[in-house]
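Student: A structural model of the following input is requested.
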Amino acid sequence: MARLLEEAAGALRGRKHRRVLVALGTAIAYVQRARDDGDTFAQDLLSLTVESPKEDPTERFTFSPGELEALSLPPGKKHN
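Tutor: Below you'll find the model as predicted:
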């Protein structure tokens with residue numbers, strides 16, 4: 001795992017995006033495998049580092065009535 005993270009860091013510095021993705025993806029796969037084998041540390045780690053597909057991204061923000069509609073209007077126009 002450490003070797004994969006070091007490889008990802010080096011690839012990131014070198015702007016070799018494909019190598020970054022492969023190294024990080026492989027590291028995450030190892031942690032997922034450990035979780036699937038019952039490793040509670042791996043389970044905790046993934047719950048803190050990988051976005052849950054159940055989360056609704058808009059839950060992080062609060063909007064006033066009409067505010068979302070105003071964001072989609074062309075500049076200078078006002079929402080009624």
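Student: name the helices or strands packed onto the longest helix along the chain?
Tutor: For the chain, the helix reaching the highest residue count under DSSP state H is reported as helix 17-36. Under the contact criterion of 3 or more C-beta pairs under 8 Å, 6 or more residues apart in numbering; DSSP states H and E, the helices and strands touching helix 17-36 comprise helix 2-13, helix 40-49. Yep, even glycine has a C-beta here, placed from its N, CA and C like the rest.
Student: mean pLDDT lowest where, among those?
Tutor: Between the helices and strands packed on helix 17-36, the one with the least mean pLDDT is helix 40-49; it has a mean of 89.
Student: tell me the buried residues in it?
Tutor: 42, 45, 46 (16 or more other C-beta atoms under 10 Å).
Student: so how far is residue 65 from residue 35?
Tutor: Noted for residue 35: a distance of 42 Å to residue 65, by C-beta to C-beta, to the nearest Å.
Student: no further queries at this time; thank you.
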